[in-house]
Each structure stands twice: as structure tokens, then as C-alpha cells.
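**Student:** Can you look at this prediction? I've put the sequence above it.
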Amino acid sequence: MENMNASTATAGKVIRCKAAICRNAGKPLVIEEIEVDPPKAYEVRIKILCTSLCHSDVTFWKLDAGPLAVFPRILGHEAVGVVESVGEHVEEVKEGDVAVPVFLPNCGECRDCKSSKTNTCSFGDGIYNFMPRDGTSRFRDMNGEVVAHFLSVSSFSEYTVVDVNHLLKISSDFPVDKACLLSCGVSTGVGAAWNVAKVEEGSTVAIFGLGTVGLAVAEGARLRGASKIIGVDLNSEKSEIAIKFGVTDFINPTSCGEKTVIEVIKELTNGGADYCFECIGLASLMIEAFHCCRVGWGMTVILGVEMHASPMTINTYEIMRGKSVTGSLFGGCKPKTDVPLLAKKYLDKELNLDDFITHEVGFKDINEAFELLLQGKGLRCIIWMD
Amino acid sequence: MENERSSTAGKPIRCKAAVSRKPGEPLVIEEIMVAPPNPHEVRIRIICTSLCHTDITFWKMKDPPAIFPRILGHEAVGVVESVGDDVLEFSEGDYILPVFISDCGECTDCISKKSNLCSKIPFQLSPWMPRYGTSRFTDLKGEVLYHFVSVSSFSEYTVVDTANIVKVDPSVPPNRACLLGCGVATGVGAAWRTANVEAGSTVAIFGLGAIGLAVAEGARLCGATKIIGVDVNPEKFEIGKKFGITDFVSAKECSSTPVSQVINEMTGGGADYCFECVGMVSLVHEAYACCRKGWGKTIVIGYDKPESQLSFSSFEVLHSGKTLMGSWYGGLKPKYDVPVLLKQYLNKELRLDDFVTHELKFEDINKAFDLLIKGKCIRTVIWMASENVPPT
């Protein structure tokens, strides 16, 4: 950990450091030297301590066409770091603070931030390939070419610049690898169970996709006293780890015999689950989840990011029979207020974060993290910068 | 006691009914036979009934679930003529409202606060009495006449399951009580129970028929401060004002700006609650497009065809945080909520009077169809006894 004098020395200057750049869709990231400009007004430059790979990074890494595919780019959005320097007007954090960047903004001033009902802060353009206030990048490669940001975080770099609306401070005592998880996946899942679905004691829950988000939903549902937490995944190896997060029944769709997943879930829940979560990003699964939820009050929550514009088709009749559909980013959590609450629950030994971390690599081996995720091995791989 | 039982109890009744024999053709008033009620059933003498758009949908429909010959009608009020065995809730002479959705009071759904869809006697578009799969109606040739959504009110007498009956406070006039059998209850309930509109909300209503206007009335009662009505017929604005509509948006096809864009601009980002009260898939999408991100709810209460499919971009669902929901009968539990609404009417809180725009004799029932198809009425009440029709 750098001492105060060292970080002050770089304040206001361009920093030269390493970053894992994505230059071509689906190709291994290349660790290169880049230049990181100092933070402008309302911006913070952070030295990343560790970062983890989330499926959304992979989704955009693979994306080769359309307005959301931008190259070269620095991916990564689940991370934790130390503030190296702050731009003008930044009061929330100061040099030396440990901070978690989040892809979802939380300006605290817009109507959405002021409402308790939502986290859909209106700040920014919703795409976040560049710094939100002036649309430019703080990164350049060694040829002087602009390198794009990603989801307002870009954590696959030793240093990054983040808008203050995308940053929250955490205690320097908090274990950094666990903090990193709260930056996206785990908060999304737990938040979805608590804020969006509002799972209550005795509820039945069905979760499609037992990656980190899905298992975090399970963890959230478990903490709320759900009576049945059904996990659906094509990978039977997930069944074991799923138990740690509260999954009571595991379904592998290829092992249901003559029955469909919908039939199995309806049998297990006496007619349908109270809450169904789609945590992969496939329209067909979203529709299946919808059919698994109970008539009368069943709610389907979409958390997966679907990138092919495949429509989700649902029958009006089913909607009129009391089923509802909703979705959210970051599990409906307001980053600045809810992440510290989740952190506290971890410290109070209520929320299980440890079991999400299944692998660790050094920054130079970042492509291994991609391999692991693509092969469906493990949950979160922590990438240590040092 | 024997003396108090009606003279017709236990016997078939011969009476008049308006029978729908062929799709889209005028109903024919004929004599029919109505069998006595089975156990858990009640035979009712209908006082008055009103025409709802769903009756028209099934009157016009050529394919299943439409079926002929059928006695349509499901919004009505009447008096109990006789009860079948095992009926403890009702007695002869009770003033009651039949409702197309059941309320058994015992199943998981009826016990839950969240649902009004009784699972013991589930709603079906069935041509039969719910518990037995048989009909109580025959024509004079002995041919079976089919029931309609467990009510069949276009008849001087009908038979209804006890789970489908609500007691009505005798102070409520019949031509107001019958409105709560479907349309008005659906609209008011949608605002109150399904959406749970809170004071200060902004609401947009697509389709200003009886249901849409009832949503406005319900939203008004809930304290909504901006109630935007959308309709193709500009005359609906004046009418809508009586029901609490504060702003009107015309949905005429020649308009170049989509309705959702107009509403997004009017509301600075979208309405808190959008209600679709017509039953058109395209309108549901329009409604979804102008409900506010973050907390906006789109509520589907208009019913089109059983196979209507909505198509959404999940990316939008994910990013917007909007909720799509819907309900039958406004999410109301008939036996509990209808008396609450009736009380609100008697207390002059819930306004029902302006829904009734026309009143006809039973023999003129086909005029009611005409008026509704042409959009010239909100609710037309059809009185079984002609002397009850108020002079025009």
C-alpha cells in the first residue's frame, strides 16, 4: 500500500501504468503500458487493488458489432481500489481512502435517487464508454490512441479514473477481495431478492442460472427466510456449491426425463414459484421463468443481460392472471447507501461472501480468469493487481 | 319453513331469456326452462343487467371458446328465488350480485391478500356451471343453452354458484349495484387494489370506456393528482372530466407524434401508473413506453383474445426497472371488496351515477349492443321489468 507521500507525488500528473486492453472482440487481453490522465472536476483517480471478472465483461468482450462494441477498450467493472488523487469539487472521498467503483451511477440529487422505490439514477448516458460529464477518455495507449472506458469503471488497469457519482467509500478494514464482489454481481443478486422481489419469509423462489448473480439471489432469499429455493442450471457441478447459498432443490434441465422444467417447478411449489429470477440473459429462459411463476401473484425478475434483441414474448392472459414482470440493474440497490449495508452484513457474519471466491490470479494471468468463466468453472476469480 | 319458500322452489321455471344463437346476430327473446339449483347453487330472479364489452367479444366470436346457443350477460343484480342444498350464506329474498370470478374463501388464493383468483373454483371461459359441468338452461325444445362465465344474466332467471355471489346492501339501487358485477369494479379495483395508486400520483389511462373511466374514478379516490385519459374519440374528454380525468390525449391515427411521447413530455419522463383498458397489444406497448422508469407500473386490464402475445425487449425491462402487471376484476375479492365499494357509493365517495347513460327494457336488449358497439354509451342498464325503466 503506497504511503500518502507517494500518492501526492503523482497527483495532477499523467500516470504511466499497465492495463489489460481489449483490442479485438473475443481475443485475449494484452497487458500494455498506458497513460492515465489526472482526474478532472468531479472525478477520482484510483489505484486498483483487485478486480473480478463478471459475465457482463465477457458479454461485451465478445461483442463485435453494433454501437456498444468499442475498441480498444479497458474492460472490468467489479473492483476495489485506493484513491490516488481527486479532481476539483470532490468531497466524498480523499486520497488514501479505499473506494468501490460501481457501473451504476448514484448522484443523490435526481428524482430517482431521492425516491426510495428505485435506483435508476438519471446521471449519464446509460452506455458509459467514456467519462460521463465530457464524453472523453482518460486513457491513451503508447501510440497516443484513445482507449475507451467500460461501464464507467474500467478496472482491468492499475489505475483508472471514475466519476464521483460512480464511486463509494468503504472502510479500509474491510477485506478488499470481498469488497470487490459487492461492486456488481453479489449486490445485484442479493439486492434483487431484497429490493425488487422483496422475498418474504416462507416464499418459494426459482432461480435460472447459478452463476454468481443467481447464487447471490439464493443467498438473499435464504436470508429472508424463503422456504424453497430452486436452482436451475445445465451444469450439475453447481449443485454442490449451490447448497452453501441456500438452494434447496437443484434442477438440471437435461435430467428431467419426460417432464419440462416448468412442470417440475410447478410440482415442487404447488402451482408455481412466488418469485422467479432469470440470471443468464436468454429470452427463452425469461419466458420459461415467467411460466414457472405462480398465477395470482407470481413475479418474474429479469437480471440477465440479453444482447441479441430477442424479444420476451408473454401472453396477456397470463399477465391478467396476476403475474408480473420486472427487471433491474444492480438488484435495485442504490450503490452509495446499500453497498455499505451489505458490507456490514458480511462483517456481522450474516451475508456469505467468502464462498463466491473460488479462484485467484495475478494481473498478468487475467486471461485465465476469462477461461475459467467461459468454462463455467467456479464463481468469482479475483485478479490481484500486485 | 315450508310456508316461506317460494312457490317455484324445487321446480323448473319457465321464463324469458335473450338467447344468442349465432355469432354476431341479434339476440332472440324466447321462453326457456331454468332448472332448480343444485347443491351450492342459487337461482336468481334478475332485476337488471348491463352490457359489458366482453359480452360483445363472445357474441361476435365464431370459434371456441365461443359457443352457441348461449345466454350471455354477466353484469347484473337480482334477488334469490331459491337455494340449493348446502347453501348457508344466502336465503330466498336476498338482494345479491353475481360475479364472474369466484370467491370460495377457503383456498390458498382466497386466503392470500395478494390474489383474487380462487383456485378451488377457477375462472374458466366455460359454457357450464362450475362445479358440475352441466347447464341449468334448456330451450323449449329441450336443447341445452350454454352458460356464460358462471353468470348468464340476460335471462329473467339464472342459476349461479354460491362462490360467485355477493350480498348487496338493499339501499343501493339496482341500476348502480349491477355496475360492480364487472366493468366499474374492474376499473376501480385496478387503481385501488392492483396498482395501489397512492396520493399525488400521475396516472395515464388508455381507453375511456366504462373500465377506463372507472380507473379514473378509482385513481381519483386514491388521490392521484394527474389523470391523463387517452382515447380515439375526442368526445370522451368531456365525459372523462366527470370521472376525474385532468388531461386528454387524442390517439387518432393521423397524429404524427406517438401518444407515449406526448405523455412522456407531459409528465416529465412518464406516468407513475399506466393502465391499458382496451385489450390491444399495441396499446400495452404504448402504455409501457410512457410509464416512468424506476418505479413505473403498466397495468393490463383490457382483454382481447386469449392468445394475445406481448413482446418486450428484455434489455429495456432490465434497464428501465418498469413493472408489467395485470389483473382480472381489478384484483378485487368479490365478497370482501364489493361491499366496501357499495358502502363508498352510499357514503357518496365512489361516484357511480354517471356510468349509466342509457336504460332499456329487456325486449330492447339488442339496442344496448348497438349503442356499445358504436361507442355511444358507457353503460346501458337493461331492466327485466319494463315498468322499472325510467322515462327518458
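**Tutor:** The structure has been received and is ready for your questions.
**Student:** Let's see the pLDDT reported for the spatially most central residue of chain B.
**Tutor:** Closest residue to the average C-alpha location of chain B: B:Cys182 at 1.8 Å, with Cα atoms, centre = their mean. Predicted confidence (pLDDT) for B:Cys182: 96.
**Student:** ok, for the closest residue to chain A within the stretch 201-350 of chain B, nearest residue in space, not its chain neighbours?
**Tutor:** Relative to chain A, the nearest point of the stretch 201-350 of chain B is B:Gly294 (3.2 Å; Cβ to the nearest Cβ). Placement of C-beta: from N, CA and C, glycine included. Leaving aside its chain neighbours, B:Gly294 sits nearest to A:Thr118 (3.2 Å; criterion: Cβ to Cβ, 6 or more residues apart in numbering or on different chains).
**Student:** chain center to the strand or helix carrying B:Val230: distance?
**Tutor:** Per DSSP states H and E, B:Val230 falls inside strand B:226-231. Centroid displacement of strand B:226-231 relative to its chain, using Cα atoms, centre = their mean, to the nearest Å, is 21 Å.
**Student:** how about the helix or strand following it: buried residues?
**Tutor:** Proceeding N to C from strand B:226-231, the next assigned helix or strand is helix B:235-241, under DSSP H and E. By neighbour count, with 16 or more other Cβ atoms under 10 Å in any protein chain shown as the criterion, the buried positions of helix B:235-241 are B:Lys236, B:Phe237, B:Ile239, B:Gly240.
**Student:** same question, stretch B:82-98
**Tutor:** By 16+ other Cβ under 10 Å, the buried positions in stretch B:82-98 come out as B:Ser82, B:Val83, B:Gly84, B:Val87, B:Glu89, B:Phe90, B:Asp94, B:Tyr95, B:Ile96, B:Leu97, B:Pro98.
**Student:** Just the CA atoms of it, as PDB, please.
**Tutor:** This file holds the C-alpha atoms of stretch B:82-98, laid out as PDB (Å, rounded to 0.1, in the frame of the first residue of the first chain):
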ATOM      1  CA  SER B  82     -84.500 -20.400  -4.200                       C
ATOM      2  CA  VAL B  83     -81.300 -22.000  -2.900                       C
ATOM      3  CA  GLY B  84     -79.900 -25.500  -3.400                       C
ATOM      4  CA  ASP B  85     -78.800 -27.800  -0.700                       C
ATOM      5  CA  ASP B  86     -75.800 -26.900   1.400                       C
ATOM      6  CA  VAL B  87     -76.300 -23.200   0.800                       C
ATOM      7  CA  LEU B  88     -75.900 -21.400   4.100                       C
ATOM      8  CA  GLU B  89     -74.800 -18.000   3.000                       C
ATOM      9  CA  PHE B  90     -77.900 -16.900   1.200                       C
ATOM     10  CA  SER B  91     -81.700 -17.200   1.600                       C
ATOM     11  CA  GLU B  92     -84.700 -16.500  -0.600                       C
ATOM     12  CA  GLY B  93     -85.300 -12.900  -0.900                       C
ATOM     13  CA  ASP B  94     -81.700 -11.800  -0.500                       C
ATOM     14  CA  TYR B  95     -80.600  -8.900  -2.800                       C
ATOM     15  CA  ILE B  96     -77.400 -10.100  -4.500                       C
ATOM     16  CA  LEU B  97     -74.800  -9.500  -7.200                       C
ATOM     17  CA  PRO B  98     -73.500 -12.500  -9.200                       C
END
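**Student:** All set now, cheers.
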